[in-house]
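Visitor: could you work out the structure for the sequence below:
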Amino acid sequence: MDNLLFAQKFPFTQKAKSVLKDLNISIDDVSEGAIKKAALIVSRSFLGGALVFDSINPSKSVLELEIISFPIAKMFVSSMKAPNIIEKFSLFYYKNTFNNLVENESSFDLSIQLADDFGLKYVLTEENGFVEVDLLDYLKIFFIDSESKVINKQVYNGKVLLNQNDFARFLSELAYLKIFSSLPIPQNNIPKNIVSLSRSIDSQLVVMEKKSFDLKLVGKIEPSFFPPCMFALYTDQLAGKKLTYSARLALASFLYQLGMSKTELVTLFSKSPDFKKSIVDYHISRIFEKELSAPGCKKLAENGLKVKECGKVCKYKHPMQFYLSKLRISNRIKNSQKNGGRF
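Guide: The predicted structure follows:
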């Protein structure tokens, strides 16, 4: 059971691969339960959730199902087009690894087990709980957490000194590297039924994410009031489509005028397939500094951002006029309802 519990916590390890090999399960024989669990893992990783195990004292069959679900989840991720799904999936297991290490009663012993599974070279110092690793090995990670940066560590003679918490964080970074580097799996190695299911998950996640993002804006911004051109840009951006520079600038400046914060804008544009945080931060900061307004309808048309619905429902010269008109109508209706139907 110890091997199964370890593999459940860290399904990307050699020990987990050994468990899967012993189970000797063909991809065609994978249970519906394992496929559902894999879909749930992908969904939670995409939406920033947490990995929740089925029970505190799981049975052997439950542990095996959760171990099997990991490679299935990797196949789903490899077949999906959801924006940044590989990064999100890898980050999901980074967080899960760190939580499993630091929250365990035998945290340091578990970290040593994981380090040994990774084949990591390390030295236990005379001071209890401290570990030395080679600087070159340490520099292999992506530095997902700023706390992992070398500048925040004790370095001497080509070694990095890590306390228990630092060591757990470093191992979690290695887990991220291991998973990220193994994806995507070549499509010809993925069964057609998994590819088909991944498309369904893809479309559902886009809908779920849009609802989640819209809910965060309730009371400040109402996407249903957007003019057709901006609504099209907004939904395309949420779906992770690659927008042109003029389209991104138009959408960002429009949302800025509506009161969206820098953090919300960065979150929205992080869904772009070519997302680079430093570049997005720079452009959004410039919008706030210059207090940029969204372009008018004429300029939007010149940039090819006008959609066919614009001519049918929009009679304004600026997208903000459309939004404010919808907002005023909505407020009048609300006030009428409060006043017993009188405007």
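Visitor: so which residues of the stretch 151-300 of the chain form helices?
Guide: Assigned by DSSP state H, counting those that start in this stretch, the helices in the stretch 151-300 of the chain fall at 164-181, 192-217, 228-238, 245-258, 262-269, 277-290, 297-302.
Visitor: doesn't Phe12 fall inside a helix?
Guide: No: under DSSP: H, G, I helix; E, B strand; the rest coil, Phe12 falls outside any helix and is assigned coil.
Visitor: from Tyr234, how far out is it?
Guide: 36 Å (Cβ to Cβ, to the nearest Å). Where C-beta positions appear, they are placed from N, C-alpha and C, glycine not excepted.
Visitor: which among the helices of the stretch 151-300 of the chain is found nearest to Asp29?
Guide: helix 192-217 (12.5 Å; Cβ to Cβ).
Visitor: what sits against Lys317?
Guide: 296-298 (Cβ atoms under 8 Å, 6 or more residues apart in numbering).
Visitor: residue ranges with poor pLDDT in this protein?
Guide: The chain contains residues with pLDDT under 70 at 53-57, 127-129, 208-220, 335-343.
Visitor: just the element for the residue nearest the centre of it, please.
Guide: Residue closest to the average C-alpha location in the chain (Cα atoms, centre = their mean): Lys88, at 3.4 Å. Element membership for Lys88 (DSSP states H and E) is helix 85-102.
Visitor: okay, angle between that helix and helix 164-181 too, please.
Guide: Taking axes from the mean of the first three to the mean of the last three Cα atoms, to 10 degrees, helix 85-102 and helix 164-181 form an angle of 150 degrees between their directions.
Visitor: so for helix 85-102, what gets flagged as buried?
Guide: Across helix 85-102, burial judged by 16 or more other Cβ atoms under 10 Å covers 85-98, 100-101.
Visitor: ok, these vs Ile287, which is closest?
Guide: Relative to Ile287, and with distances defined as Cβ to Cβ, the nearest of the buried residues of helix 85-102 is Glu87, at 25.0 Å.
Visitor: was I right to think that closest one contacts Phe180?
Guide: Yes: applying Cβ atoms under 8 Å as the test, Glu87 and Phe180 come out as touching, 7.1 Å apart.
Visitor: and the closest residue to Phe170 other than its chain neighbours, how far from Lys178?
Guide: Among residues not flanking Phe170 along the chain, Leu162 sits closest, at 6.0 Å (Cβ to Cβ, 6 or more residues apart in numbering). Distance of Leu162 to Lys178, given as Cβ to Cβ: 18 Å.
Visitor: mind giving me the domain split of the protein?
Guide: 1-82+186-205, 85-185, 218-338 (automatic domain parsing).
Visitor: quick check: end-to-end length of the first one?
Guide: From its first residue to its last, domain 1-82+186-205 covers 35 Å (Cα to Cα, to the nearest Å).
Visitor: what does stretch 310-325 give?
Guide: End-to-end distance (Cα to Cα), stretch 310-325: 15 Å.
Visitor: try stretch 295-312
Guide: Its first and final residues considered, stretch 295-312 spans 20 Å by Cα to Cα.
Visitor: stretch 137-154 now?
Guide: 15 Å.
Visitor: can you count the residues close to Lys308?
Guide: 8 (other Cβ atoms under 10 Å).
Visitor: and it, that's in a strand?
Guide: No: read with three-state DSSP, Lys308 is coil and lies in no strand.
Visitor: next one: it from Cys314, what distance?
Guide: Taken as Cβ to Cβ, the span from Lys308 to Cys314 is 11 Å.
Visitor: for the helix holding Lys88, packing partners?
Guide: helix 2-9, helix 32-46, helix 60-79, helix 107-118, helix 164-181 (3 or more Cβ pairs under 8 Å, 6 or more residues apart in numbering; DSSP states H and E).
Visitor: any chance of the ones you listed in JSON lines, plus mean neighbour count?
Guide: Compiled in JSON lines, the helices and strands packed on helix 85-102 are given as follows (neighbours: other Cβ atoms under 10 Å):
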{"stretch": "helix 2-9", "mean neighbour count": "18"}
{"stretch": "helix 32-46", "mean neighbour count": "19"}
{"stretch": "helix 60-79", "mean neighbour count": "21"}
{"stretch": "helix 107-118", "mean neighbour count": "18"}
{"stretch": "helix 164-181", "mean neighbour count": "21"}
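Visitor: tell me which of these sits nearest to Tyr323.
Guide: Using Cβ to Cβ, these put helix 32-46 closest to Tyr323, at 29.2 Å.
Visitor: now tell me what touches that closest one from outside.
Guide: Under the contact criterion Cβ under 8 Å, 6+ apart, helix 32-46 has outside partners 49-51, 65-66, 68-70, 72-73, 75-77, 80, 82, 85, 88-89, 91-93, 197, 201, 204-205, 208-209.
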